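In: just coords:
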């Protein structure tokens, strides 16, 4: 039987959805092996179909589409449940299903003793389904369905171990902060609907040039507000570090292959809207650069291994948005691809370390692990090299492409914005520094002292953990060489025109600076944390350095500011409304007041009943006589 492209498009999200339904409804009655196979089969088969669609889209003259059914209709306006595969979708499908499948396999061993094993795979499959709907969507409304779906799944998975109140609170925090961004996103959709009269991406692409930039500014800003929530940019980044409350494979999935890349993908999908409003892109670049630097500074002062990587993700997302804001959209998407490789590797490597140390996440209690965890050490070192831009790793190529694009747009063309480029260089330097710090402290540093007569017990992970790490290490090491092929494939998106003169010179300049930045950042971290730990105390003895360290260690006090300005006042307003509206108005006045009136009325009326039948009959006769008299009077008047 021949499977058509349309069938494959529909099957890609349907396969993880089927896994969610089976494990969600019958997982408790299934053996763990069956739950694991069902949970991994959907994403793996979806990856194979995505690969076939990728090959098919390379030769297709037009995007592949599949309209499943008409969802809403009002006059000439319709919204279809429709999927679309073009170059951008094909690339994202491979990233989501490929990296997602690896994370699913890793999860089998990592979660094997958890009592919620089947529930975990059900949620993970639902997460994959939602992200696949998002990237396959042919219109903004279907995209919004996937957009909200990944938000729901993040809440379920971040708070997966909800018995611990901190985990439940972290899930609620992610959900609420994303709702703020999603409110802006929904308004942006309504603005575009009012402007274009449609929510279809092909219609946007064919008619965006006809619309005034002044009209498109508001939806562009509102949609970016939604992206700030999903992709953790200032000021809605505060949820992502707390998302580490969930299982480590969940962190890898959120940070590498699904939710946080949604905002970057949205900008690539609506590229004509953003190209029409350059000043909005300038604003996005400012936010992105500030986010990249702030998060990199914060990562340098964290001691939780997962939170170091979480702040690293926020910083790298800033790089991605800077690439998109430079209007060379392929650079942001390329960094999405390479970041998926090395950040999934780093998170899963961190998970392997935590697994080996029986749940320990504080890097100050680690050290010397390279001797006992050699495979994990080598793979995490590859990931750290790629993250910090070691020459010829995947991160080197993608970060250099973004720095070159930003240099060309904001230094050569718009010289007044040159500080953006400098800020990103500073963020890249700090990225190399905290990557080197992570390697030096966790793997090369001195092991913590143990009580006399006790030895540190290390649980060595099996190949269901090590195999995915090796696969991701290979991708992180060599994935950068996909750049030319990826750029050529994405040319069908018409994002860029002919290469301008001076591009090669800008590329060589930024590549050279990137090498120097890696050597200085990574090398200084290895020197300080590997050989001269006393320098840390000497540096922090300097008041400005100690003040900056406290600022970074406390995450620039964003949580405290939100608590003072938003959370406290919201809770106060809610308490006042509860007392005045709920307790006084509804409970006392309406509910208890109505009961009091009924009670008093009944008490008064009961006195009219004496129990004497003749008196009751006389009262009834008087009532009937009064009624007949009234009717006779009305009849005489009308006559």
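Out: Yep, it's here. Treat the numbers as computed from the prediction; the structure is a model and nothing was measured.
In: show me the contact partners of the longest strand belonging to the chain.
Out: Scanning the chain for the strand with the most residues, using DSSP state E, yields strand 64-74. With contact meaning C-beta atoms under 8 Å, 6 or more residues apart in numbering, strand 64-74 is reached by 5-6, 9-10, 53, 56-57, 78-86, 138, 141. C-beta coordinates here come from the backbone N, C-alpha and C atoms, glycine included.
In: strand partners (parallel or antiparallel) of it?
Out: strand 77-85 (antiparallel) (DSSP bridges).
In: next SSE after the partner strand?
Out: helix 87-110 (DSSP states H and E).
In: can you show me the helices along the stretch 151-300 of the chain?
Out: Under the criterion DSSP state H, counting those that start in this stretch, the stretch 151-300 of the chain contains helices at 165-196, 201-207, 213-230, 239-242, 248-252, 262-269, 271-275, 278-299.
In: correct me if wrong: residue 251 contacts residue 241.
Out: No: Residue 251 is beyond contact range of residue 241, at 10.4 Å (criterion: C-beta atoms under 8 Å).
In: one step back: want to throw the helices of the stretch 151-300 of the chain into CSV with mean pLDDT?
Out: Converted to CSV, these look like this (pLDDT from 0 to 100):
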stretch, mean pLDDT
helix 165-196, 92
helix 201-207, 83
helix 213-230, 92
helix 239-242, 91
helix 248-252, 91
helix 262-269, 94
helix 271-275, 90
helix 278-299, 95
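In: so can I have a markdown table of those helices showing distance to residue 489 and mean neighbour count?
Out: Conversion of the helices of the stretch 151-300 of the chain to a markdown table gives the following (distance: least, C-beta to C-beta, whole Å; neighbours: other C-beta atoms under 10 Å):
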| stretch | distance to residue 489 | mean neighbour count |
| --- | --- | --- |
| helix 165-196 | 27 | 19 |
| helix 201-207 | 18 | 16 |
| helix 213-230 | 24 | 22 |
| helix 239-242 | 30 | 25 |
| helix 248-252 | 26 | 28 |
| helix 262-269 | 13 | 25 |
| helix 271-275 | 16 | 20 |
| helix 278-299 | 24 | 23 |
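In: figure out which of the ones you listed is closest to residue 584.
Out: Each of these has some distance to residue 584 by C-beta to C-beta; the shortest is helix 165-196, at 27.6 Å.
In: which other helices and strands does that closest one contact?
Out: Helices and strands touching helix 165-196, by 3 or more C-beta pairs under 8 Å, 6 or more residues apart in numbering; DSSP states H and E, are helix 140-158, helix 201-207, helix 213-230, helix 239-242.
In: cutoff 10 Å now
Out: helix 140-158, helix 201-207, helix 213-230, helix 239-242, helix 262-269, helix 271-275, helix 558-562 (3 or more C-beta pairs under 10 Å, 6 or more residues apart in numbering; DSSP states H and E).
In: and of these, who's closest to residue 132?
Out: Set against residue 132 and scored by C-beta to C-beta, those come closest in helix 140-158, at 7.4 Å.
In: how far does that closest one sit from the chain's center?
Out: 9 Å (C-alpha atoms, centre = their mean, to the nearest Å).
In: list the buried residues of it.
Out: Buried residues in helix 140-158, defined by neighbour count with 16 or more other C-beta atoms under 10 Å: 140-144, 146-151, 153-158.
In: before we move on, back to that, now distance to residue 395 too, for the helices and strands packed on helix 165-196, in CSV please.
Out: Below are the helices and strands packed on helix 165-196 laid out as CSV (distance: least, C-beta to C-beta, whole Å):
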stretch, distance to residue 395
helix 140-158, 24
helix 201-207, 30
helix 213-230, 22
helix 239-242, 19
helix 262-269, 16
helix 271-275, 24
helix 558-562, 26
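In: coming back round to it: now tabulate the helices of the stretch 151-300 of the chain in TSV and tack on distance to residue 16.
Out: Shown next, in TSV, are the helices of the stretch 151-300 of the chain (distance: least, C-beta to C-beta, whole Å):
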stretch	distance to residue 16
helix 165-196	21
helix 201-207	23
helix 213-230	19
helix 239-242	23
helix 248-252	15
helix 262-269	16
helix 271-275	28
helix 278-299	30
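In: which of these sits closest to residue 129?
Out: With C-beta to C-beta as the measure, helix 262-269 is the member of the helices of the stretch 151-300 of the chain nearest residue 129 (14.1 Å).
In: would you mind getting the angle between the closest one and helix 87-110?
Out: Interaxial angle, helix 262-269 versus helix 87-110 (axes from the mean of the first three to the mean of the last three C-alpha atoms, to 10 degrees): 160 degrees.
In: now which of the contacts of strand 64-74 would you call buried?
Out: 5, 9-10, 53, 56-57, 79-86, 138, 141.
In: quick check on residue 406: phi, psi?
Out: Backbone torsions of residue 406, given as degrees, to the nearest 10, read phi -70, psi -40.
In: which pLDDT value belongs to it?
Out: Looking at residue 406, its pLDDT reads 93.
In: hang on, it packs against residue 421?
Out: Yes: in this structure, residue 406 is within contact of residue 421 by C-beta atoms under 10 Å, at 5.1 Å.
In: now the common contact residues for the two.
Out: Shared contacts of residue 406 and residue 421 (C-beta atoms under 10 Å, 6 or more residues apart in numbering): 285, 289, 322, 326, 510.
In: reformat those residues as CSV; add distance to residue 412.
Out: Formatted as CSV, these follow (distance: C-beta to C-beta, whole Å):
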residue, distance to residue 412
285, 14
289, 17
322, 15
326, 11
510, 12
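In: and which of the residues you listed is nearest to residue 523?
Out: Nearest member of the shared contacts of residue 406 and residue 421 to residue 523, counting by C-beta to C-beta, is residue 510, at 19.6 Å.
In: tell me how many other residues crowd that closest one.
Out: Counted with other C-beta atoms under 10 Å, the neighbours of residue 510 add up to 25.
In: next up, phi/psi of it, please.
Out: Backbone phi and psi, for residue 510 under degrees, to the nearest 10, turn out to be phi -70, psi -30.
In: just to check, it is in contact with residue 397?
Out: No: when contacts are counted by C-beta under 10 Å, residue 510 is not listed as touching residue 397 (11.3 Å).
In: so how many other residues sit close to residue 556?
Out: A count of neighbours around residue 556, defined by other C-beta under 10 Å, yields 15.
In: assumed it was part of a helix.
Out: Yes: counting by DSSP: H, G, I helix; E, B strand; the rest coil, residue 556 falls inside a helix.
In: residues in contact with it?
Out: Residue 556 neighbours (C-beta under 10 Å, 6+ apart): 234, 294, 295, 297, 298.
In: which residue comes closest to residue 15 once chain neighbours are left out?
Out: Closest residue to residue 15 apart from its sequence neighbours, by C-beta to C-beta, 6 or more residues apart in numbering: residue 42 at 4.0 Å.
In: same thing with residue 166?
Out: Nearest residue to residue 166, sequence neighbours excluded (C-beta to C-beta, 6+ apart): residue 245, at 6.4 Å.
In: tell me, how many residues neighbour the one you found?
Out: If you count neighbours by other C-beta under 10 Å, residue 245 ends up with 24.
In: just to check, it is in contact with residue 306?
Out: Yes: applying C-beta under 10 Å, one finds residue 245 in contact with residue 306, separated by 9.4 Å.
In: what do the two both touch?
Out: Shared contacts of residue 245 and residue 306, counting by C-beta under 10 Å, 6+ apart, come down to residue 251.
In: tell me the secondary structure of the residue in the chain sticking out farthest from the centre, please.
Out: For the chain, the residue at maximal distance from the C-alpha centroid (C-alpha atoms, centre = their mean) is residue 614, at 80.7 Å. Three-state call for residue 614 (three-state DSSP): helix.
In: same check on the one 5 residues further on?
Out: Residue 619 falls in the helix class when you classify it by three-state DSSP.
In: that one and residue 631, how far apart?
Out: Distance, residue 619 to residue 631, by C-beta to C-beta, to the nearest Å: 19 Å.
In: who has more neighbours, those two?
Out: residue 619 (14 against 10).
In: and residue 371, how many residues sit next to it?
Out: Counted with other C-beta under 10 Å, residue 371 comes out at 10.
In: I appreciate the help and will end here.
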